[in-house]
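Trainee: here is a sequence together with a model predicted from it:
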Amino acid sequence: MIKRFFILLALAGLCACEDNTSIDQINLFSGRWAISFYDVGNNEIKQGIITVKDNGNICSKIASGTDSLFVTGEINNTGTVYCDFSDTCRAYTRQDIRGSFREVLGILTGNGIWSDTIESGTWSARKY
Amino acid sequence: MKLKLFILIFLSVPCICFSQGLGKVSFGMQAGYNISSFDINYTDRLTSLNSLTSSDSYGRFNGALFAEAGLYNGIGLRLEGEYIHKGGTVSSSIISDNGLTPVSREYESQLKYISFSLLPFYFKEVSSGIGPVFYAGPYAGFLVSAKELTTQTTFTQAIKTEKDIKNQLTGTDAGFIFGGGIRIQNFTAGMRYYLGFTNVIDESKSGVTAEAKNRLFSFIISYTFSK
């Protein structure tokens, strides 16, 4: 009886650890990234953490003080960023945030430009 | 072109030393085992994160040919041409989240250089042909090939991929070598450290906003002919 219990427990453990996504389908830039946005004067105006999911989708809330917004969109396997600022998670439509994530020697960084209806600037990101 | 120029200098200096009567020129060969890594300095604007880090080490063999001339009272000059493996290993942190499979990623960079060094040395002869030797001097390396092996592992799956990263790196590496050892007749056993000064990442081609400098510790054995 105890033996059967342990076999069931082991099988349950294996099932719990099963990967839902095939590893070759996982986006190479998946994981957690620190990102900072700068105005045209190179002053940091917002920073936060974004998470790139297995499929490359991004929907991360960035908050500073009482102000918060979502960075939402996707990144493809070559690192090109297609994202918007929005107040909810959805597919990108305007591409407010452009640029790319890059990797060499295991060092992963990203940079590009952003714009909304009244402002614009640059952004930098680093995987950590 | 730079590589050809260095080979020319490398071959001509022992001949000049010989013709100037600066001392007997000896030739030799050397083999060693390297433990290499990178010092990484992020050049992005994310000031809230640490900008300095280093990779894990990566071990490989190297081989060299050299010419050396004794100049004065134990002081001499060695010219070395070396085929050397440099590189390092960087592992990424494992994050688990909704829609995010925890993946362990290890990036092993294998950089192969042909390197030339000019090493003034001091040999303190304790007894006949035996004694400690110390040296320090500059080196210049030319990248021959650069590969990156990426191993991604989840709980139940693993995948290895390889890519050529030579076009994302600067083609040269310059720095300083410090070392020493024990010379016993024609054999020398010792250790040396390579301190790279140049950033091996070409930021404009790679798009990565970071500097990486080669660091290398080497255990070596050399044999000098016709001493």
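Mentor: Alright, I've got the coordinates.
Trainee: so where do the helices sit in the chain?
Mentor: All of this is about chain A. A:2-16 (DSSP state H).
Trainee: wrong one, I was asking about chain B
Mentor: With DSSP H, the ranges of helices along chain B come out as B:2-19, B:203-206.
Trainee: out of these, which gets the lowest mean score?
Mentor: For the helices of chain B, mean pLDDT drops lowest on helix B:2-19, to a mean of 54.
Trainee: could you dump stretch B:101-121 to PDB, C-alpha only?
Mentor: Output of stretch B:101-121 as PDB, limited to C-alpha atoms (Å, rounded to 0.1, in the frame of the first residue of the first chain):
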ATOM      1  CA  THR B 101       8.900  27.700 -18.600                       C
ATOM      2  CA  PRO B 102      11.900  27.700 -16.300                       C
ATOM      3  CA  VAL B 103      14.900  27.400 -18.700                       C
ATOM      4  CA  SER B 104      18.500  27.000 -17.700                       C
ATOM      5  CA  ARG B 105      20.700  28.600 -20.300                       C
ATOM      6  CA  GLU B 106      24.400  28.200 -20.500                       C
ATOM      7  CA  TYR B 107      26.400  30.100 -23.100                       C
ATOM      8  CA  GLU B 108      29.900  28.800 -23.700                       C
ATOM      9  CA  SER B 109      32.100  31.100 -25.800                       C
ATOM     10  CA  GLN B 110      35.100  29.600 -27.600                       C
ATOM     11  CA  LEU B 111      37.400  32.200 -29.000                       C
ATOM     12  CA  LYS B 112      40.600  31.000 -30.800                       C
ATOM     13  CA  TYR B 113      43.400  33.500 -31.400                       C
ATOM     14  CA  ILE B 114      46.800  33.500 -32.900                       C
ATOM     15  CA  SER B 115      48.700  35.700 -30.500                       C
ATOM     16  CA  PHE B 116      52.200  37.200 -30.400                       C
ATOM     17  CA  SER B 117      54.000  38.400 -27.400                       C
ATOM     18  CA  LEU B 118      57.200  40.200 -26.500                       C
ATOM     19  CA  LEU B 119      58.400  39.100 -23.100                       C
ATOM     20  CA  PRO B 120      61.500  40.500 -21.400                       C
ATOM     21  CA  PHE B 121      62.600  37.900 -18.900                       C
END
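Trainee: that one near chain A anywhere?
Mentor: Yes - using C-beta under 8 Å from any C-beta of the partner chain, stretch B:101-121 reaches chain A at B:101, B:103, B:105-107, B:109. C-beta coordinates here come from the backbone N, C-alpha and C atoms, glycine included.
Trainee: all strands for chain B, in order.
Mentor: Listed in chain order, the strands of chain B (DSSP state E) span B:25-42, B:52-54, B:58-72, B:75-91, B:104-123, B:130-153, B:158-164, B:172-184, B:187-196, B:210-224.
Trainee: against which helices or strands is the shortest one packed?
Mentor: Helices and strands touching strand B:52-54, by 3 or more C-beta pairs under 8 Å, 6 or more residues apart in numbering or on different chains; DSSP states H and E, are strand B:25-42.
Trainee: partner strands of the strand it packs on and their direction?
Mentor: Strand B:25-42 has its sheet partners listed here by DSSP bridges as strand B:52-54 (antiparallel), strand B:58-72 (antiparallel), strand B:210-224 (antiparallel).
Trainee: tell me what B:I75 is bridged to.
Mentor: B:Y72, B:Y122.
Trainee: isn't it right next to B:E125, touching?
Mentor: No - B:I75 is beyond contact range of B:E125, at 11.9 Å (criterion: C-beta atoms under 8 Å).
Trainee: follow-up on the earlier one: who wins for most neighbours among the residues of stretch B:101-121 next to chain A?
Mentor: Ranked by neighbour count (other C-beta atoms under 10 Å in any protein chain shown), the residues of stretch B:101-121 next to chain A have B:S109 at the top, with 27 neighbours.
Trainee: so that residue sits right up against B:A146, yeah?
Mentor: Yes - taking C-beta under 8 Å as the definition, B:S109 is a contact partner of B:A146 at 7.1 Å.
Trainee: residue in chain A nearest to chain B?
Mentor: Nearest residue of chain A to chain B: A:G106, at 2.8 Å (C-beta to the nearest C-beta).
Trainee: tally of neighbours for that residue?
Mentor: Neighbour count for A:G106, taken as other C-beta under 10 Å: 23.
Trainee: and it, its phi and psi?
Mentor: Dihedral angles of A:G106 (phi, psi; degrees, to the nearest 10) stand at phi 80, psi 10.
Trainee: list the contacts of it.
Mentor: Applying C-beta atoms under 8 Å, 6 or more residues apart in numbering or on different chains to A:G106 gives the contacts B:55, B:88-92, B:105-107, B:109, B:148.
Trainee: switch the strands paired with strand B:25-42 over to JSON lines; also include distance to A:G73.
Mentor: Below are the strands paired with strand B:25-42 laid out as JSON lines (distance: least, C-beta to C-beta, whole Å):
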{"stretch": "strand B:52-54", "distance to A:G73": "29"}
{"stretch": "strand B:58-72", "distance to A:G73": "36"}
{"stretch": "strand B:210-224", "distance to A:G73": "25"}
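Trainee: mean pLDDT for those strands: which is lowest?
Mentor: What stands lowest among the strands paired with strand B:25-42, in mean pLDDT terms, is strand B:52-54, with a mean of 85.
Trainee: kind regards, and thank you for your time.
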